[in-house]
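Undergrad: Dropping the sequence and predicted coords here.
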Amino acid sequence: MNWIDMKRIYWSSLILLNALSFAGSAGGHSDVAALQDFPVDKVPERIGTRAVQRFLGSPHSKYGVLPPHKEVKQISYPDVCTWVGGLWFAEASGDAELLKGLEQRFQPLFDDEKWLLPSCDGVNHNVFGALALELYLQTGDQKYYDLGMAYADSQWEVPADATPEQKAWAAKGYSWQTRLWIDDTFLINAVQSQAYRATGDRKYIDRAARQMVIYLDELQRDNGLFHHAPFAPFYWGRGNGWMAVGLSDLLRFLPADNPDRDRIMAGYQEMMATLLSYQADDGMWRQLIDQPDFWKETSGTAMFTYAMITGVKEGWLDAAVYGPAARKGWLALTDYVNEDSNLTEICRGMDARDFIEGYRKPIRRVGDLHGQAPLIWCATALLRDSDSDGHPKTDCSLYFKTNDAVQEEEVFSESGDLFLDLGHHGPAIENEWMALRFYFDHKAAIDVYSKARPGLELAETKWYPTEEQQLSGWGADYYKVGPTLGLGGIRLWDGEKMVRLNPVSSRSARVGKTADSAWMEMCSMGVPYQGRTVDVTVRVTVRSGSRFAEVEASVAGESVQFVSGINYHPGSTVRSGRGWISTWGVHPEDVAAEQVAVGGAILFDENDVEKRVDDGKQILLISKPSSTLRCRVTSSCAKDPELGSIERLAALCVKSVPVNERRISIEEYRDKMAGGWIGQMVGVGWGAPTEFKFCGEIIPEEKVPVWEPEMVNQYNQDDIYVEMTFLRSMEVHGFNVSMRQAGIDFANSGYKLWHANLYGRKNLRKGIAPPDSGHPQFNGHADDIDYQIEADFSGLIAPGMPNVGIELGEKFGRLVNYGDGLYGGQFVAGMYAAAFFEDDPKALVEAGLACVPDGSQFAEAIRDVIEWHAEHPDDWQVVWKKIDEKYQRNADYRRFSCKNEIPAFNIDAKINAAYIVMGMLYGEGDLEKTIVISMRCGADSDCNPSSAAGVLGTAMGMKNLPVRYTSALDRTPKFSHTDYSFDSLLTVCETLARQAVVQQGGRIDGDFFVIPVRDPQPSALEQCWEPGPIADSRYTAEEMAMINPPKAGDGAGALELNISKDLSTFAPGWAARDCGEAMRPGLKAEWKGRTNVLLTHPLSTDSPCVIFRSLDVPAGKKTTVELSVLNDHRGDFNLVVQADGKEIFHKEIAEGTWQDLSVDLSEYAGKSIELEVLNQASGWKFEAAYWSRIAIQSKDKGE
């Protein structure tokens, strides 16, 4: 018989578990208003989800510190606490994607990260078992059980090398790991309680309770609080927090008849009363609880808040008193959560100290897992429900009608039919939301008992409530199976028709439950199938808090085609999608007192299904040949407060259905990623000699440089190394580095920049934080090509994950770009992401297009090139002319930084992206053709072939690139302004890709990335010429202290130094600041008929170039500023003169001829003033000022 071995989980504890109850106050469960209806930014679902996602996107910590400050040698207890909290939250919130991500994060610990598993040698390490067991409880996977129980059992198994003190503790019945530190009460209890939940064996929970009592007796003081340790007589916040959480969690699972329960409850309630008295007015608690001059600390606050939330919900604490306190704690705590979902003001991990000042000075961390974990616990506790007696909401039942007082362990029948003999016609299970039963007969169908409110009912109703009960709010049997397989029932398929699990040589059934799940199993032996007989086992499991039941069918040792599905009745509504089917309607009148609309749904893996068949009564899912089939089912009715309609039921299905997955070996990923970097280097190296030398014209074929293999070594090329600044930010600060921190890192870069990059960095250095640093109000180049050039990295670390590239664009692209400028980078990232699984150039372009908003001009340009290529597949120059006509010469498509009527120079993102696409489509997968065509389109003719070749190089992989592009590669140099060599660059990209896979809900399965397939979600539509409001984002003083720009002479500082140097000879006594780099500022030997001419340019639309000096204006004389100035014939600017900040002259310079101007300073005679001459932008086209004279002239009056 194909039974899953549940003996140690079930047989030894069935009767015992049925007798369990939990103590509570007379009032029972308290669903108080204080723990509901939070402000939108403090809703526990929102806070918890983001905190868990933050954890998923982070590497393993070094004892809670992220990013790890030292080498991580094993998984530490802060990671375990956060991980377990994440699993709790995923279950409480019903978020299947979070659960999947948390489980997938664990998988490498069975394989290539196995060395990170902690040893079983102390409380800090053994708590790891709590994580493995929680995964077992939520997934049922035996490998987690085996791993977790090893940690639980070894905590009481004395090792041979134990010290005499450890052996003495063990001789008294305590864990040999006892050390009487209050941290231990949570750490020991966590793994022992989990072991009890997983096995039902009382020894685990009983010994955890006894352990708790010794800690209470030894450490709890008269005021109910706890000293950190016997030699540390201080009430440390987080230390007490461990005890508060340990007490409340132990009480949640401790049976009422445990002899230590009353002592533990008294200790808990006394502690809560004292904590209440020390809560600050704003809801916080302090680093040392009883010291009002100590700082407010968040990890302890989170733990105390969790303990109070739990006590109020379980009825152990007066809801009227502690409910508001718990609410106040949550509201205060969430004020300390920053924009990256990191908790701030967390005390670092610390040992017990014997002097008070040792607690005042520890480092306060941000995002340390000592704080992230209890933050997630609090969010979970606010979502979590429990019965009035605290017992998890599952049950099972199997009995004969002749004696309904006796619950059977197993029933057996040679005929295979006990339908009329068994209560509810077969085995039954339930959780708070629904009950399910097998029909113990030839149908072997699964039937549903629907509920109108959460709770357990089968023990009272035995499936058939009275009419009075039904009308007073109990559930009922609204669901009618009839001759069908019901909801998720199992049959077989012989290739032409469905085969019932009948006749049989015998049929048997059994049921069981753990502390928070219940299961039923039926085995049909000797079922005739295709000329042989097979034994079919079907198991159904429900879990506390879950809306779904898990159905698993198996046949030992051979493959069959299973049938599952869902039935419906005339008039029912049927909805379906990828991986799910739901039905809704009134079933025919049967045993219920009234007819109520009832719904059902089945979720399945499309890869397991060969076809669907609708026979008019049920939708059948015919499996591919296999030895197993798994699916999930759920049900609700119109009286269900949460899922009382087809719309809500279907929405749950959409949210919960598994996603399709793709696999790529890590070796292949690395090869393709290396090919992408080589492609960039080849494209930019080959095109560099032509950059912007051919604007508005096709580069003649004879002007294309000859490829030399050494050109690949582009280690000093800004189009390559700038993006590595972003990689470094993620490497140092974690994958989810904040946009503000990314801006600080970019502001501290020392290389020379142009256009959007230059002005974005200038803004950052002035304190204009992102996203405003890239907003058109502050950055006149916001739709330029800059981020499009630099976005390659974001696709190279996101194989098959276009949304990662989009999200990274929202972070790094926003530093310098907006609108089309941002979309260019996201487009490129989308192509790279697709190139790991696709090599057709058109498909790659379409994948990138899917990552940008449809209504943008950028998307329009890409669609145009695709359409024009289809019309002219053999003549790329015809399409080039169409691009030139529409996107170069049409002012409607040049409405921002490059908005002159027909200028040759065009750095706009969309036209250069069009040239990328030209190379992709007309290159037809040939690397040389791709590069040359993209290059010959002109304009930014090194960056565009670099992007095209990078995408194609990714699709090809480095090992498939022609040898002439790789033979001369020198892997030893470091890229300029970085610490990356070629090989270390590949390593950091792989590290970040691993994090991206897990964060996106994928997993690492041995040597493979398993990546979920998700449609791109483009950014919102925005246009630079009609921008949305600014965010008013500014760096704080603390953040500004982190910005340390390079000294003058390096990067952007060099320009102002050179301009001031030029002024010292051109106009002695004057200097300059905020001079932009556009149009090549500096001295020119001759310009428009005059010699020795100085060119300046504003920094941005709102930051003029300022030429300034201090001046003592002589008394009794007429003093003037003498200026000779000219504008560029393609633009204009405003000339402003200021004295001590007051404007004294203003003139638009637009004539296109030299203007000789004199500005009178007579009113300042006899005074010292600060004089400023401003080259101020009047728009943003060719705003340069040409100066042939800047001088001070003083004459006697009357001259």
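TA: Alright, I've got the coordinates. Numbering: from 1, shown residues only.

Undergrad: Now do stretch 1137-1147: distance from first to last residue.
TA: One end of stretch 1137-1147 to the other measures 9 Å (C-alpha to C-alpha, to the nearest Å).

Undergrad: For it, buried residues please.
TA: 1137-1139, 1144-1145 (16 or more other C-beta atoms under 10 Å). C-beta coordinates here come from the backbone N, C-alpha and C atoms, glycine included.

Undergrad: Could you give the bridge partners of Ala1072?
TA: Beta-bridge partners of Ala1072, counted by DSSP bridges, are Ile1107.

Undergrad: In contact with it, which residues?
TA: 1056, 1059-1060, 1063, 1096, 1105-1108 (C-beta atoms under 8 Å, 6 or more residues apart in numbering).

Undergrad: if you set the cut-off to 6 Å instead, what comes out?
TA: 1059-1060, 1063, 1107 (C-beta atoms under 6 Å, 6 or more residues apart in numbering).

Undergrad: ditto for Thr344
TA: With C-beta under 6 Å, 6+ apart, Thr344 has these contacts: 336, 338, 366.

Undergrad: how much space between it and Glu1039?
TA: Counting by C-beta to C-beta, to the nearest Å, the separation of Thr344 from Glu1039 is 14 Å.

Undergrad: ok, back up a step: now, the most widely separated pair of the buried residues of stretch 1137-1147?
TA: Using C-beta to C-beta, the two most remote members of these are Ala1139 and Phe1145, lying 9.3 Å apart.

Undergrad: ok, back up a step: out of the buried residues of stretch 1137-1147, which is nearest to Gly495?
TA: Of those, the one sitting nearest to Gly495 (C-beta to C-beta) turns out to be Gln1138, at 90.2 Å.

Undergrad: Surely that closest one and Val1173 touch.
TA: No - counting by C-beta atoms under 6 Å, Gln1138 sits too far from Val1173 to count as a contact (8.1 Å).

Undergrad: Please produce a markdown table containing the buried residues of stretch 1137-1147, extended by distance to Asp1160, pLDDT and secondary structure.
TA: What follows is the buried residues of stretch 1137-1147, written out as a markdown table (distance: C-beta to C-beta, whole Å; pLDDT from 0 to 100; DSSP: H, G, I helix; E, B strand; the rest coil):
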| residue | distance to Asp1160 | pLDDT | secondary structure |
| --- | --- | --- | --- |
| Val1137 | 10 | 95 | strand |
| Gln1138 | 14 | 92 | strand |
| Ala1139 | 11 | 90 | strand |
| Ile1144 | 8 | 94 | strand |
| Phe1145 | 9 | 95 | strand |
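
Undergrad: residues near Asp671, how many?
TA: Asp671 has 18 neighbours, counted by other C-beta atoms under 10 Å.

Undergrad: so which helix or strand takes in it?
TA: helix 666-687 (DSSP states H and E).

Undergrad: what's that helix packed up against?
TA: The elements that helix 666-687 packs onto, with contact taken as 3 or more C-beta pairs under 6 Å, 6 or more residues apart in numbering; DSSP states H and E, are helix 792-796, helix 927-936, helix 943-956, helix 982-999.

Undergrad: now the angle between helix 982-999 and it, please.
TA: If you take axes from the mean of the first three to the mean of the last three C-alpha atoms, to 10 degrees, helix 666-687 sits at 130 degrees to helix 982-999.

Undergrad: how big is the angle separating helix 666-687 from helix 927-936?
TA: 40 degrees.

Undergrad: Could you list the low-confidence segments of the stretch 801-950 of the chain?
TA: 899-904 (pLDDT under 70).

Undergrad: and which of the buried residues of stretch 1137-1147 is nearest Tyr77?
TA: Among the buried residues of stretch 1137-1147, and counting by C-beta to C-beta, the member closest to Tyr77 is Gln1138, at 62.3 Å.
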